[in-house]
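Peer 1: I'd like to go over a predicted model; first the sequence, then the structure.
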Amino acid sequence: MIYKTPPSVMSPSLVGWRRNVAPEVFVMNDMKSRASRKVAVLGPIPRDQIVTHAGERFHKYGCVMYTAVALSALLDIGDTIVPISHVRRRDEGPIKQILGSFPNIDTSGITSSADQGDVVELRYIDQNRRVERQTSFMNPVLPADIDKVLDADMFVCVPITDYEVGQSTLRHIKEHSRATVVLDAHGPATTLTRSGERHPKVWADQDVWLPYIDILKMNLDEASSAWLGESAEVTADPPRLSDEQLRDLAHHCLDRGVGAVCVTLDERGCVAFFPDGSGGVAGEFVDRIEVEHVVDTTGAGDSFAGGLAYGYLTYRDYVVACKYGNAMGAQRCTGTDLNVYLSREETERQILAAYGPRS
């Protein structure tokens, strides 16, 4: 599977998007007054074999690992992050040792009873484009796997392939929990062939998923997989969605119960679509946070999902949530290890420097 960088900067002014770069007054809430919070993170923890665009080679665990650790950096010591994932037996110990070093991460939801887990080869062509091949796959996260975390305040679902966190699992969450559900469309927009090749696919059944999603996060390629227009025609080389088509996709999702659609634009930031209060769709562009030296973009989307979840959980504001998403995605790109994530206080200063104060 190849991820492509957008050919040009998105032009929010063409469709009335507000560009969120001007200073406002930014006031952080008193975190100490909050009750403890719980966030469940659903998806694989793949053993990634990576070759960077600079030719560096290394192995590390990814996906849920990035989301959970990004959340750990932002949440309080008394809060809890619970990864729900299936892994190979040989990986369970090392994964739990890594995540167990973070005091607010509970590793009890990581299991290896089926001895199945994702193993993915990632070869980067440049900073954003990569070719993927999968040599092993995990068994899916099912409703029974999440029954012990239905008291969570938020579920962050970061599947990388269509079968890993299914619609039935999201429906189970909504039917038995009051939690906010964040879904990364990477999963339902990607499929795996018998030979291990990973390819984008049409998310043809999205309408049966949408009622169970509160915040839908996707990139431009995934947006193209989710929106074929009224004709639903499939072409050999589908074009990227125009600004108007992105808005149409968001309108379609919001009409079916989604609270917000957040589309990441690689190094150009993201755009958030949400109801405007009068039956229409508001769109706000949130500019990127600069990274002086990009080392490794693997996990930037997963880290964005963690920041997005934290921002919405804390402030109930989609634009603020995207700022935290951009910050955590940018931090992920600055190195290869998990120590790239800044403390919450440092992240807030980073956001303040990038976007100015906010009221």
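Peer 2: Now that the structure is in, tell me what you want to look at.

Peer 1: and the residue nearest in space to the middle of the chain, what pLDDT?
Peer 2: Residue closest to the mean C-alpha point of the chain, counted by C-alpha atoms, centre = their mean, is Ala305 at 3.1 Å. According to the prediction, Ala305 has pLDDT 98.

Peer 1: My read is that Phe155 contacts Ala40, right?
Peer 2: Yes. Counting by C-beta atoms under 8 Å, Phe155 does reach Ala40; the two are 5.0 Å apart. Placement of C-beta: from N, CA and C, glycine included.

Peer 1: Quick check: neighbours shared by the two?
Peer 2: Ile146, Ala179 (C-beta atoms under 8 Å, 6 or more residues apart in numbering).

Peer 1: what bits of the protein have low per-residue confidence?
Peer 2: The model of the chain has pLDDT under 70 over residues 1-34, 127, 229-239, 359.

Peer 1: just the helices in it please.
Peer 2: Per DSSP state H, the chain carries helices over the ranges 64-74, 89-99, 143-146, 167-176, 206-209, 220-226, 243-255, 300-315, 318-332, 344-355.

Peer 1: Just list what the third one packs against, helices and strands only.
Peer 2: Under the contact criterion of 3 or more C-beta pairs under 8 Å, 6 or more residues apart in numbering; DSSP states H and E, helix 143-146 touches strand 80-86, helix 167-176.

Peer 1: For Thr161, which of the ones you listed is the nearest?
Peer 2: Of all those, strand 80-86 sits nearest to Thr161, with 12.7 Å by C-beta to C-beta.

Peer 1: now that closest one, how far from the chain's geometric center?
Peer 2: Distance, stretch centre to chain centre, for strand 80-86: 15 Å (C-alpha atoms, centre = their mean, to the nearest Å).

Peer 1: Return the alpha-carbon coordinates of that strand using CSV.
Peer 2: Extracted C-alpha coordinates of strand 80-86, given in CSV (Å, rounded to 0.1, in the frame of the first residue of the first chain):
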residue,chain,number,x,y,z
THR,A,80,-6.0,5.1,33.1
ILE,A,81,-5.3,4.0,29.6
VAL,A,82,-6.3,0.4,28.7
PRO,A,83,-5.0,-1.0,25.4
ILE,A,84,-7.2,-3.8,24.1
SER,A,85,-5.1,-5.8,21.6
HIS,A,86,-4.2,-9.4,20.6
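
Peer 1: Give me the buried positions along that strand.
Peer 2: Buried residues in strand 80-86, defined by neighbour count with 16 or more other C-beta atoms under 10 Å: Thr80, Ile81, Val82, Pro83, Ile84, Ser85, His86.

Peer 1: Nearest to Asp243, out of the helices and strands packed on helix 143-146?
Peer 2: Among the helices and strands packed on helix 143-146, helix 167-176 sits nearest to Asp243 (C-beta to C-beta), with 28.6 Å.

Peer 1: Residues contacting the closest one, please?
Peer 2: Contacts for helix 167-176 (C-beta under 8 Å, 6+ apart): 42, 140-143, 145-147, 150, 155, 157, 179, 181, 183, 205, 208-209, 211-213.

Peer 1: ok, back up a step: and the buried residues of strand 80-86, which is closest to Ala73?
Peer 2: For those, the nearest to Ala73 is Ile81 (10.3 Å; C-beta to C-beta).

Peer 1: What's opposite that closest one in the beta bridge?
Peer 2: Beta-bridge pairing of Ile81 under DSSP bridges involves Val39, Ile105.

Peer 1: I'd say it and Ala73 touch.
Peer 2: No. With contact defined as C-beta under 8 Å, Ile81 does not count as touching Ala73 (10.3 Å).

Peer 1: need the contact list for the residue lying closest to Thr191 once chain neighbours are set aside.
Peer 2: Nearest non-adjacent residue to Thr191, counting by C-beta to C-beta, 6 or more residues apart in numbering: Lys201, 4.3 Å away. Contacts for Lys201 (C-beta under 8 Å, 6+ apart) come out as Asp162, Ala189, Thr190, Thr191, Ser225.

Peer 1: Would you format those as TSV with neighbour count and distance to Ala54 included?
Peer 2: Listed next are the contacts of Lys201 as TSV, based on neighbours: other C-beta atoms under 10 Å; distance: C-beta to C-beta, whole Å:
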residue	neighbour count	distance to Ala54
Asp162	18	31
Ala189	24	28
Thr190	23	25
Thr191	16	30
Ser225	21	29
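
Peer 1: Which of these fall in strands?
Peer 2: Among those, the members found in strands (DSSP state E) are Thr190, Thr191.

Peer 1: Out of the contacts of Lys201, which is nearest to Gln245?
Peer 2: Looking across the contacts of Lys201 and measuring by C-beta to C-beta, the closest to Gln245 is Ser225, at 12.7 Å.

Peer 1: That closest one and Val202 touch, don't they?
Peer 2: Yes. With contact defined as C-beta under 8 Å, Ser225 counts as touching Val202 (5.8 Å).

Peer 1: now Lys148: how far from Ser177?
Peer 2: 12 Å (C-beta to C-beta, to the nearest Å).

Peer 1: re the thing from before, from the buried residues of strand 80-86, which is closest to Phe273?
Peer 2: When the buried residues of strand 80-86 are compared against Phe273 (criterion: C-beta to C-beta), the nearest one is Ile81, at 27.3 Å.

Peer 1: tell me the contacts of that closest one?
Peer 2: Ile81 neighbours (C-beta under 8 Å, 6+ apart): Lys38, Val39, Ala40, Val41, Ala68, Leu71, Ser72, Leu75, Phe102, Asn104, Ile105, Asp106.
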